[in-house]
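K.L.:
quick one: sequence plus predicted model below, questions after.
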Amino acid sequence: MQTTGLRYFLAVARTGSIAAASDQLNVAASAISRQIANLEAELDCVLFERRPRGMVPSPAGELLAQHAHQVLIRSEQVVTEIRELEGLARGLIRVASSEGFALDIVPNAIAAFHAAHPGIRFEVTVLPPAQVTQTVAVGDADLGITFALAPSPQVEVLYDGQVDMLALAAPDHPLARAPALRLADLSSYPLALPTRDTTLRQVFDAACALEGLAVEPVLTANKLSALLPFVRRSRGLALMSALSVTTPLRLNELVSLPIQARASLSRGIQVQAMRERRLPRAVRAFLRQLTDALPPPSTAG
């Protein structure tokens, strides 16, 4: 079985249709159909069940998907090891990141790494935290940086740390010089928050509930980047981690204010890799660049 056919097969298995796989791979649908037909003829079995909602792997297809994934991972590893003979001159690093890190920390780390190693290319995919872990677990990203959720046996945690939630304000905001804010203070000003399905909002809502507070945001958005213009152009506040806005804070475009609360407002952050996967040299070098920009890792005990 050729790796091209296996790659096309896996794309259909993951997306659920030849059309979606065609868009993902930028390959003609007819070429994908032909490769799958060749595999079915070679193995003398049906690999997909055609259902109203799409194509689902048959029992034989599920077995092949497991095999194909491992074959492609090993093939990529061989290519990587060959390219490593050239040191850090060439290569591709794939990073899956939740939005909070993709706004500032990740692109800044990439820029610094690129300055030293211009031959290395990057591919960044921005995903919700759980999907970051899933993407790393199946080998579709070399590294994932995300807020920690439930442990996954399929990934190895290369960095484990904590980050505090802060209030962000414009430099001329009435509270800009305050040493710290209480949760109750937030209700006196227009507040911008992410949606309830985010880790930040869940931690914030739990802290408010503990203190019997009902804080209603003026602006809710499912993208952190949509909150920042509101803060810059109003007397409003937004809640975020400092890691999401390191550059605006450094340039004094925004100010950050600690928040005092009975409950902890910190969140766990992790850098993850696929378990038992040998990371290429370029990825290991970038990992050091990335973790150097993060808070000191948590210590056990």
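P.N.:
Arrived safely, thanks for sending.
K.L.:
please make it C-alpha for all contacts and neighbour counts, starting now.
P.N.:
Fine.
K.L.:
for residue 33, give me its contacts.
P.N.:
Counting by CA atoms under 8 Å, 6 or more residues apart in numbering, residue 33 touches residue 18.
K.L.:
residue 267 touches residue 149, doesn't it?
P.N.:
No. Applying CA atoms under 8 Å, one finds residue 267 not in contact with residue 149, separated by 9.5 Å.
K.L.:
who has more neighbours, those two?
P.N.:
Legend: neighbour count by other CA atoms under 10 Å for residue 267 and residue 149, higher for residue 267 (17 against 14).
K.L.:
confirm that one sits in a helix?
P.N.:
No. Per DSSP: H, G, I helix; E, B strand; the rest coil, residue 267 lies outside any helix segment and is strand.
K.L.:
please report the distance of it from residue 195.
P.N.:
Per CA to CA, to the nearest Å, residue 267 is found 16 Å from residue 195.
K.L.:
ditto for residue 62
P.N.:
36 Å.
K.L.:
got it, and residue 95?
P.N.:
From residue 95 to residue 195 the distance is 24 Å (CA to CA).
K.L.:
neighbour count: the two, which is higher?
P.N.:
Set residue 95 next to residue 195 and count neighbours by other CA under 10 Å: residue 95 wins out with 24 against 16.
K.L.:
now that one: phi and psi?
P.N.:
Note on residue 95: its backbone torsions stand at phi -120, psi 130 [degrees, to the nearest 10].
K.L.:
that one bridge partners, please.
P.N.:
residue 124, residue 143 (DSSP bridges).
K.L.:
got a list of what it touches?
P.N.:
Residue 95 touches 122, 123, 124, 125, 141, 142, 143, 144, 145, counting by CA under 8 Å, 6+ apart.
K.L.:
what of residue 274?
P.N.:
Residue 274 touches 136, 137, 138, 139, 142, 143, 154, 155, 156, counting by CA under 8 Å, 6+ apart.
K.L.:
what's the closest non-adjacent residue to it?
P.N.:
Nearest non-adjacent residue to residue 274, counting by CA to CA, 6 or more residues apart in numbering: residue 155, 4.6 Å away.
K.L.:
do you know how far residue 167 is from residue 291?
P.N.:
24 Å.
K.L.:
do residue 26 as well
P.N.:
In terms of CA to CA, residue 26 sits 34 Å off from residue 291.
K.L.:
over to residue 179?
P.N.:
Counting by CA to CA - residue 179 and residue 291 are separated by 28 Å.
K.L.:
more neighbours: the two, which one.
P.N.:
Applying other CA under 10 Å to residue 179 and residue 291 shows that residue 291 carries more neighbours, namely 20 against 10.
K.L.:
am I right that the more buried one is in contact with residue 159?
P.N.:
Yes. Residue 291 lies in contact with residue 159 (CA under 8 Å); the separation is 7.2 Å.
K.L.:
quick revisit: got a list of what the residue nearest to residue 274 touches?
P.N.:
133, 136, 137, 272, 273, 274, 275 are the contacts of residue 155 under CA under 8 Å, 6+ apart.
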